[in-house]
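**Student:** The following block contains a protein sequence and its predicted model.
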Amino acid sequence: MSTGKPVVHFEIIGSAPATLRNYYAELFDWEFSTGDAATEKVSQPGNYHFVDGGGTGDGNGINGGVGGGEGFAPRVLFYVAVPDVEEALHRAESLGGKRLLGPEPKSGEFTVGRFSDPEGNVVGVAGPAG
């Protein structure tokens, strides 16, 4: 049986998060709840809104968020659950990837990181703070 790590979260980030939320709400019937990203490096405080995967499709969708704010470059990103974000980032680097962020934040219960693969694709990792 496989022990592969699951995709657990997605993000859609841009400079006008309210416009993005309205767009995706209309396009996919998504409903949002206000919250904050794990770190201000992901989205401006108050501009990150969550999509509950349990409220999409057959109730088995992936949780996500739409956010950003002024100065945030547009991107779509998915996060993979890992037991240790630092270890995952180090392993990504050892396999030819490049660390872009993290682990962030340095304290708390939850932390995230980002790396680019050898082709330049950006992927997130998320897990408990170490």
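**Tutor:** Sure, I can see it.

**Student:** secondary structure element for Glu11?
**Tutor:** If you go by DSSP states H and E, Glu11 is part of strand 7-14.

**Student:** export that strand as PDB, just CAs?
**Tutor:** Output of strand 7-14 as PDB, limited to C-alpha atoms (Å, rounded to 0.1, in the frame of the first residue of the first chain):
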ATOM      1  CA  VAL A   7      -2.500  17.400  -1.400                       C
ATOM      2  CA  VAL A   8      -4.300  19.100   1.400                       C
ATOM      3  CA  HIS A   9      -4.700  22.800   0.400                       C
ATOM      4  CA  PHE A  10      -4.700  25.100  -2.600                       C
ATOM      5  CA  GLU A  11      -4.200  28.800  -2.900                       C
ATOM      6  CA  ILE A  12      -5.100  31.400  -5.500                       C
ATOM      7  CA  ILE A  13      -3.200  34.600  -4.800                       C
ATOM      8  CA  GLY A  14      -3.300  38.000  -6.500                       C
END
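
**Student:** so what strands line up beside that strand?
**Tutor:** The strands beside strand 7-14 in its sheet (DSSP bridges) come out as strand 63-68 (parallel), strand 75-81 (antiparallel).

**Student:** Tell me which of these is the most buried.
**Tutor:** Mean neighbours per residue, mean count of other CB atoms under 10 Å, is largest over those for strand 63-68, with a mean of 24. Backbone N, C-alpha and C define where each C-beta goes, glycine included.

**Student:** tell me the secondary structure for the nearest residue to Phe110 once chain neighbours are set aside?
**Tutor:** Distance criterion CB to CB, 6 or more residues apart in numbering; nearest residue to Phe110, sequence neighbours excluded, is Ala38 at 5.6 Å. Judged by DSSP: H, G, I helix; E, B strand; the rest coil, the three-state class of Ala38 is coil.

**Student:** Same question for Arg21.
**Tutor:** helix.

**Student:** Distance of the residue lying closest to it once chain neighbours are set aside relative to Gly127?
**Tutor:** Closest residue in space to Arg21, ignoring its immediate chain neighbours: Val66 at 5.0 Å, by CB to CB, 6+ apart. Relative to Gly127, Val66 is positioned 22 Å away (CB to CB, to the nearest Å).
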